[in-house]
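**Student:** What shape does this take:
(4 chains)
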Number of protein chains: 4
Amino acid sequence: MSVLAEFAMFPTDKGESVSGHVSQIIKMIDDSGINYRLTPMGTIIEADTMEEILAIISKAYKILEHDCNRVYSNIKLDIRKGSESRIESKVKSVEKKIGEVKK
Amino acid sequence: MSVLAEFAMFPTDKGESVSGHVSQIIKMIDDSGINYRLTPMGTIIEADTMEEILAIISKAYKILEHDCNRVYSNIKLDIRKGSESRIESKVKSVEKKIGEVKK
Amino acid sequence: MSVLAEFAMFPTDKGESVSGHVSQIIKMIDDSGINYRLTPMGTIIEADTMEEILAIISKAYKILEHDCNRVYSNIKLDIRKGSESRIESKVKSVEKKIGEVKK
Amino acid sequence: MSVLAEFAMFPTDKGESVSGHVSQIIKMIDDSGINYRLTPMGTIIEADTMEEILAIISKAYKILEHDCNRVYSNIKLDIRKGSESRIESKVKSVEKKIGEVKK
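**Tutor:** Okay, here's the model as predicted:
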């Protein structure tokens, strides 16, 4: 099974720039060993089970919790049974059809 | 603490109409006793902790898992510390400013 | 055709409470005559065409633009051809299957 | 001004695999000359104005419209005034704080 998630989480009570808080979450994800890609609009993570994905989201909030009064998050999930890792193959499947793209 | 979540989850391998699968998830939410509201675009749930919210999302996928090969989900979280239930008060706070709205 | 959209838009450089800014957007939507419902997590709007929906989103940003330096928005679209208005019927279709729900 | 959007759009009445339809949208984006990056969970586009972004979303639906009865889309917007292009710099700003990440 491949569970792909795209998620963003940030405080909304800390003013215009939130990269300090967001960086702490990315560091936790990088340290966790989970397969991920950082994008300009969020982080894509991939695991074999929903539980691993939900555990990362829970940990992300714990990082912001003590310092932030209000937190917003957005999560998309694309879950496919009987599938190998798709974190590389989804983009490749588009490139097979239309040629090289920016990524 | 008030954790508000808006979430939608549906199979994408079952054709155009998915209300049968979605209804099973709503039934689980209604049975769970969690505070919720069904909207035309998803379900809004509210709890005191992230863990309760993530447990509902995990259960929702378990309902679809055996029958569906591919599932898509979208989740928004608005988390506010030191706050009472907001599932009614957020709309009322808008109405205090601009008068009665459709809801 | 029925184009249903759930959307939220708010400044992230104005501190914890944003209901003043959000209320101005809801007032514009109410004044516009478009079919809508306000929920605790966003506004659901429905129109016959994509253009009407995108025009509302464009106007919403114009309301925030002069006063806000950074704005975040989240939009979900569910577009169905050959369909009557679904802003009421989607919830009713769930209730036909599992009985009355909270809405 | 920098308007960053992450968006996904796909039919839900065409079965489990939608990469054929999605590829047509990516090709339109690539041909349009807009700044973009394809990710495993959607496409990130960046423009100087909201209008350019909304025009791409409108064109994306037109591509699917004739062939698809039901279409789902998810769009996130991060709009920042007085800002240069951020499609590269947001990730770099995280790397300045925590070192190199996967992207």
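
**Student:** pLDDT wise, what is residue A:26 at?
**Tutor:** Here, the pLDDT recorded for residue A:26 equals 97.

**Student:** Quick one: neighbours of it, just the number.
**Tutor:** Neighbourhood size, residue A:26 [other CB atoms under 10 Å in any protein chain shown]: 21. For glycine as for every other residue, the C-beta is placed from the backbone atoms N, C-alpha and C.

**Student:** Excluding covalently adjacent residues, which one is nearest to it?
**Tutor:** residue D:94 (5.4 Å; CB to CB, 6 or more residues apart in numbering or on different chains).

**Student:** what's the answer for residue A:34, then?
**Tutor:** Residue A:34 sits nearest to residue A:45 (CB to CB, 6+ apart), 5.4 Å away.

**Student:** cool, and residue A:15?
**Tutor:** Using CB to CB, 6+ apart, the nearest residue to residue A:15 is residue C:13, at 5.9 Å.

**Student:** immediately after the helix or strand that contains residue A:56, which helix or strand?
**Tutor:** Using DSSP states H and E, residue A:56 sits in helix A:50-65. For helix A:50-65, the following helix or strand on the C-terminal side (DSSP H and E) is strand A:70-80.

**Student:** Partner strands of that following strand, with direction?
**Tutor:** Using DSSP bridges, strand A:70-80 pairs in its sheet with strand A:2-11 (antiparallel), strand B:70-80 (antiparallel).

**Student:** Run the chain-centre distance for it.
**Tutor:** Here strand A:70-80 is found 8 Å from its chain centre; the criterion is CA atoms, centre = their mean, to the nearest Å.

**Student:** tell me which parts of chain A are close to chain C?
**Tutor:** By CB under 8 Å from any CB of the partner chain, the part of chain A that sits against chain C consists of A:10, A:12-13, A:15-16, A:18, A:69-70, A:72, A:74.

**Student:** least confident pick among those?
**Tutor:** For those, the least confident entry is residue A:16, with 83.

**Student:** Run through the residues that contact that one.
**Tutor:** By CB atoms under 8 Å, 6 or more residues apart in numbering or on different chains, the contact list for residue A:16 reads C:12-13, C:69-70, D:80.

**Student:** Name the nearest of these relative to chain B.
**Tutor:** residue C:12 (12.6 Å; CB to the nearest CB).

**Student:** how many other residues sit next to the closest one?
**Tutor:** 24.

**Student:** So it is in contact with residue C:72, correct?
**Tutor:** Yes - the criterion here is CB atoms under 8 Å, and residue C:12 meets it with residue C:72 at 5.2 Å.

**Student:** how about the residues of chain A near chain B?
**Tutor:** Near chain B, when you scan chain A using CB under 8 Å from any CB, you find A:9, A:50-51, A:54, A:57-58, A:61, A:65, A:68-82.

**Student:** what's the distance between the residue nearest to residue A:15 and residue C:69?
**Tutor:** As for residue C:13, its distance to residue C:69 is 5 Å (criterion: CB to CB, to the nearest Å).

**Student:** try residue A:9
**Tutor:** Taken as CB to CB, the span from residue A:9 to residue C:69 is 21 Å.

**Student:** ok, back up a step: which of the contacts of residue A:16 lies closest to chain A?
**Tutor:** Nearest member of the contacts of residue A:16 to chain A, counting by CB to the nearest CB, is residue C:13, at 3.9 Å.

**Student:** and the closest one, helix, strand or coil?
**Tutor:** Under the three-state scheme (DSSP: H, G, I helix; E, B strand; the rest coil), residue C:13 adopts coil.

**Student:** Tell me the buried residues within the residues of chain A next to chain C.
**Tutor:** For the residues of chain A next to chain C, a burial check counting by 16 or more other CB atoms under 10 Å in any protein chain shown picks out A:10, A:12-13, A:18, A:69-70, A:72, A:74.

**Student:** Just put the residues you listed in JSON lines and tack on distance to residue C:89.
**Tutor:** Putting those into JSON lines (distance: CB to CB, whole Å) gives the following:
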{"residue": "A:10", "distance to residue C:89": "36"}
{"residue": "A:12", "distance to residue C:89": "34"}
{"residue": "A:13", "distance to residue C:89": "39"}
{"residue": "A:18", "distance to residue C:89": "40"}
{"residue": "A:69", "distance to residue C:89": "39"}
{"residue": "A:70", "distance to residue C:89": "35"}
{"residue": "A:72", "distance to residue C:89": "30"}
{"residue": "A:74", "distance to residue C:89": "27"}
